[in-house]
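Undergrad: Here is my input; please provide its structure:
(chains A and B)
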Amino acid sequence: MTYDPKTIEPKWQAFWDEKQTFKVEMEAGKPKIYVLDMFPYPSGAGLHVGHPEGYTATDIFCRYKRMRGVNVLHPMGWDAYGLPAERYAMRTGVHPAVTTKQNIDTFRSQIKRLGFSYDWSREISTTDPAYVKWTQWIFLKLYEKGLAYQTEAAVNWCPALSTVLANEEVKDGKYVETGDPVEKRYMKQWMLRITAYADRLLEDLDMLDWPEGVKAMQRNWIGRSEGAEVTFKIADSDKDFMVYTTRPDTLWGATYCVLAPEHALVKHITAPDRVADVESYKAKVAALSDHERTEDAKTKTGVFTGAYAVNPVNGAKIPVWIADYVLVSYGTGAIMAVPAHDQRDHDFARTFNLPIVQVVSAPEGFDVQAAAWDGDGKAMNSPLIDGLDVDAAKTKIIAWLEEKSLGKGRVQTRLRDWLFSRQRYWGEPFPLIHLNDGSIVPLPADSLPILPPELDDYRPTPDGQPPLARAQDWLNTKDPATGAPALRETNTMPQWAGSCWYYLRFIDPHNDKMLIDPEKEKYWMPVDLYVGGAEHAVLHLLYARFWHKVLYDIGVVSTKEPFQKLFNQGMILAFSYRDAQGRYFEPERVVSKDGKHIADDNVEVSQQIEKMSKSRFNVVNPDDVVDEFGADSMRLYEMFMGPLDVTKPWQTAGVAGVRRFIERAWRIVCNDDGVVIKDRIVDEAPDAAATRLMHTTVRIVTEDIEALRFNTAISRLMEFVNALTPMPLRPRICVENLILLMSPFTPHVAEELWEKLGHSETIAYALWPSFDPDLAKPAEREYAVQINGKMRHKVLADAELDAVALMTVVKADPKVAELLAGKTMVKEIAVPGRLVNFVVRD
RNA sequence: GCGGACGUGGCGAAACUGGUAGACGCAAGGGACUUAAAAUCCCUCGGGCUAUGCCCUUGCGGGUUCGAUUCCCGCCGUCCGCACCA
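TA: Have a look, this model is predicted:
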């Protein structure tokens, strides 16, 4: 039998399952590592090639760590609440739980076909009642701590679907899946006070080993800024309003103020003759979607209210306008406008002919009437602070404002509280009831979980209540403490809820007494390596950090942060082909000749690299790849494509290449009948060259795996195989080390060959090969000889020469003497282990 | 506009701390074996030239250096995130 993944892969998968090879328990004193994949949403479409990329990487890392004697926690589960199953239920009446179970079964079997070393005894789904119970328990803790509250909030309402959508489901004012328009509606919503943790979420980023880009995105999302709040009085009135500014040093340059159109003060200060204009502007702005409001951001619009504010630093009366470039949701919803030093204010002032007064010195020749100067400079036209640099001026003016009770220093964040409720069926219900007097009663922890009731119809009620309101028996309940009649909360939690803490439950998945056993938590936490797509850079990772910090504050967890190291795998794209009209062609119909791509022998098409999608005919299904090449080839190819973190295109021909490599490795051990070629695997020490290559390979593969550089590790394994193949007699130590090094990458074939070599135990816990750095060094090496930095010659010499000896040896080479003849030596440089460079003149 | 990543053969890529650019693989071409094909094995494979050698080449233009894919400055381009955040 030649190499046949179709028989050996199911064999070893069944073996690992039966023996529970990868089941793991806490072992005090044994080093641990917790390696986590971002668990998938089990969609109806099944796995795509992007999923196994990250899963293969973590699997290699885990298998390697086990062979080094580390206790490895490597679990998998399902983020199973979500909109698609609910939409499917609306169309077909099939309960989302049924759809979800089917999809989970599909995902599990697809994942198992790839031979990942998960501890399946820890599998969880966010929809399991035993899991929902603790998600709701965490909500009760949030509520107890005052971190959950209700408010009127704008939501994305999709009339076509008569439901609310999450922000992330809306792009450019449309539902991303169907393209139906989405509008804003105000509804009572549950919010989580994530802003209370803004400072800690920002500061603690510094202690994490995360990609800089992700940290930057989170910092940007939190958007901390330092400035001041300043009170402006309305002239000839007892009313006033506060503005937020990061440039209090420019107060003397404030020539007008702007309120957000929705600002509560607007209706109280608008002059009678301005009411019509103001009202019509407000109506116009309210009708715009967020997208429309920002798409033409450069053109400023607004109207004058007829009211004047008093500039607190100089008593100047300045007009108060309303304009949509001021957002009611940020800062105080009101600004002082300094057109000389803020480009937006400048644009507005030019449009409406408002004065521009310079109060910070700009570089020579810079005209603030033409453009705003927002850089550094000395304060001017500002009596209290003239001559000071921006920072000093800010400090001084803030102190002055505080002394006069006109304002105070203030830190502002862009981060908003988290809109936490959805008007959906397939999510965790809130464990709360509403009494007739309007009060809210949290349900006791021992009544959890509160599961969604059975329904025939998953749509919202005709009067716009969430679907849960259809279940009258469920809806009408009693206060467990007093017996008073009560209504259940009908909102459900967003999909993020379950994914905010799943990494904790994997540590203690079957505990029905508490969320997690503190002893186990202390042993396994934090997650040492977390691998997933960059699309979760902000939301999931920020939400989970927030919950984790709350759990830290109430003593449930012992670490400040959940995920110590984060790694984003790059997206896998694919080639697609389309003609001049933009029609896509299946890649099988396209041939390339003379650098052109021709479809159906007559249409010239262009080749591009794009995201996989059905409409582009470029989707690659992992099942097909496994069927054709085997799981080991699939795993190996995904890791060989390029660095783990970059975006890269799938090329099926490349899978054949790694499959050939596996076959060559197979033939080092077996003949074409699958019989071990005993007479060629000898118990003899390898010669010097083979020893060196073996130790070098072990060294580099080990280092590469530690650094998650799997593509170069695989190259090294290929070189090792290429060297072993032509050897008539192969030292057993080389062959066995090869199989050991390959086993994290291609575990099935490695188990099979390990067994054929006479081992009765699984390779999964075999000892990882060690290397001797001295034996990895070559005795001789080629040194480059450069003249004026250009490569001219090579000299073979002892690899360990120091600079002086190297120079002597090189100069003794007749060819070098010839090259240097007739030249004047300017400088000689010898770099041990590398090269010699002669700088010469003619 | 702000923030982040990146740009190397026909293609995916490699090059550790500034030291022989293109490892490894794909595709292509040639050869061996075969009645033939597949498979396998061997060879060639960045471009150019007046070819035992020489010149050019890591997006473009400068700079630092004995030496730059790597460091610095300025452009051009691609991808990702955020975006009227005061």
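
Undergrad: residue ranges of the helices in the stretch 451-600 of chain A, please?
TA: For the stretch 451-600 of chain A, the helices defined by DSSP state H, counting those that start in this stretch cover A:472-475, A:496-499, A:502-505, A:518-524, A:539-553.

Undergrad: What is the second one packed up against?
TA: Translated: helix A:496-499. In this structure, helix A:496-499 makes packing contacts with helix A:129-144, helix A:539-553, judged by 3 or more C-beta pairs under 8 Å, 6 or more residues apart in numbering; DSSP states H and E. In this view, the C-beta of every residue, glycine as well, is placed from N, C-alpha and C.

Undergrad: quick one: buried residues of the longest one?
TA: Under the neighbour-count criterion of 16 or more other C-beta atoms under 10 Å, helix A:129-144 has A:131-143 buried.

Undergrad: Turn these into a markdown table, columns for distance to RNA strand B and pLDDT.
TA: Below are those laid out as a markdown table (distance: C-beta to the nearest atom of the strand, whole Å; pLDDT from 0 to 100):
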| residue | distance to RNA strand B | pLDDT |
| --- | --- | --- |
| A:Tyr131 | 28 | 98 |
| A:Val132 | 29 | 98 |
| A:Lys133 | 33 | 98 |
| A:Trp134 | 30 | 98 |
| A:Thr135 | 25 | 98 |
| A:Gln136 | 29 | 98 |
| A:Trp137 | 31 | 98 |
| A:Ile138 | 26 | 98 |
| A:Phe139 | 26 | 98 |
| A:Leu140 | 31 | 98 |
| A:Lys141 | 29 | 98 |
| A:Leu142 | 24 | 98 |
| A:Tyr143 | 27 | 97 |
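
Undergrad: to the chain's geometric centre, what's the distance from stretch A:796-812?
TA: Chain-centre distance of stretch A:796-812: 51 Å, with C-alpha atoms, centre = their mean, to the nearest Å.

Undergrad: outside of it, which residues touch it?
TA: Identification of contacts with stretch A:796-812 by C-beta atoms under 8 Å, 6 or more residues apart in numbering yields A:777-783, A:785, A:795, A:816-817, A:828, A:830-833, A:836.

Undergrad: Of all residues in the stretch 551-700 of chain A, which one is closest to RNA strand B?
TA: A:Gly657 (2.5 Å; C-beta to the nearest atom of the strand).

Undergrad: And the pLDDT at that residue?
TA: Note for A:Gly657: predicted pLDDT of 94.

Undergrad: returning to that earlier point: tell me which of the helices of the stretch 451-600 of chain A approaches A:Ile733 most closely.
TA: helix A:518-524 (36.1 Å; C-beta to C-beta).

Undergrad: In the closest one, which residues are buried?
TA: Under the neighbour-count criterion of 16+ other C-beta under 10 Å, helix A:518-524 has A:Lys520, A:Glu521, A:Tyr523, A:Trp524 buried.

Undergrad: on that earlier part again, show the buried residues in the contacts of stretch A:796-812.
TA: Buried subset of those (neighbour count, 16+ other C-beta under 10 Å): A:Arg781, A:Tyr783, A:Val785, A:Val795, A:Val816, A:Ala830, A:Val836.

Undergrad: how about the residues you listed, which pair is most distant?
TA: Using C-beta to C-beta, the buried ones among the contacts of stretch A:796-812 span at most 16.6 Å, a distance reached by A:Arg781 and A:Val816.

Undergrad: Could you look up the SS state of A:Ile705?
TA: Following DSSP: H, G, I helix; E, B strand; the rest coil, we place A:Ile705 in the helix state.

Undergrad: which residues sit in contact with A:Tyr308?
TA: By C-beta under 8 Å, 6+ apart, the neighbours of A:Tyr308 are A:Ile234, A:Ala235, A:Asp236, A:Lys317, A:Ile318, A:Pro319, A:Val320.

Undergrad: among the residues you listed, who's most crowded?
TA: A:Val320 (26 neighbours; other C-beta atoms under 10 Å).

Undergrad: ok, now how distant is it from RNA strand B?
TA: 14 Å (C-beta to the nearest atom of the strand, to the nearest Å).

Undergrad: Contact partners for that residue?
TA: Neighbouring residues of A:Val320 by C-beta under 8 Å, 6+ apart: A:Ile234, A:Tyr256, A:Cys257, A:Val258, A:Leu259, A:Ile269, A:Phe304, A:Thr305, A:Ala307, A:Tyr308, A:Ala309.

Undergrad: Up against RNA strand B, what does the stretch 201-350 of chain A have?
TA: Selection of the stretch 201-350 of chain A residues close to RNA strand B by C-beta under 7 Å from any atom of the strand yields A:211-213, A:216-217, A:220-221, A:223, A:225, A:227, A:244-247, A:260, A:293-294, A:296-297, A:300-301, A:324-327, A:330-333, A:335, A:342, A:344.

Undergrad: Got the domain ranges for chain A?
TA: According to automatic domain parsing, chain A comprises the domains A:1-30+A:617-777, A:33-140+A:496-569, A:225-412, A:572-610, A:780-841.

Undergrad: Just say which of those is most tucked in.
TA: domain A:33-140+A:496-569 (a mean of 20; mean count of other C-beta atoms under 10 Å).

Undergrad: Hmm, A:Ser633 and A:Val658 touching each other?
TA: Yes. With contact defined as C-beta atoms under 8 Å, A:Val658 and A:Ser633 form a contacting pair (5.4 Å).

Undergrad: Name the SS class of the residue lying closest to A:Glu402 once chain neighbours are set aside, please.
TA: Among residues not flanking A:Glu402 along the chain, A:Lys408 sits closest, at 5.1 Å (C-beta to C-beta, 6 or more residues apart in numbering). Taken by three-state DSSP, the conformation at A:Lys408 corresponds to strand.

Undergrad: same check, this time on A:Thr305
TA: Three-state call for A:Thr305 (three-state DSSP): strand.

Undergrad: correct me, but it touches A:Ala271?
TA: Yes. Under the criterion of C-beta under 8 Å, A:Thr305 makes contact with A:Ala271 at 6.7 Å.

Undergrad: Are there residues contacting both of these two? Which ones?
TA: The contact sets of A:Thr305 and A:Ala271 do not overlap (C-beta under 8 Å, 6+ apart).
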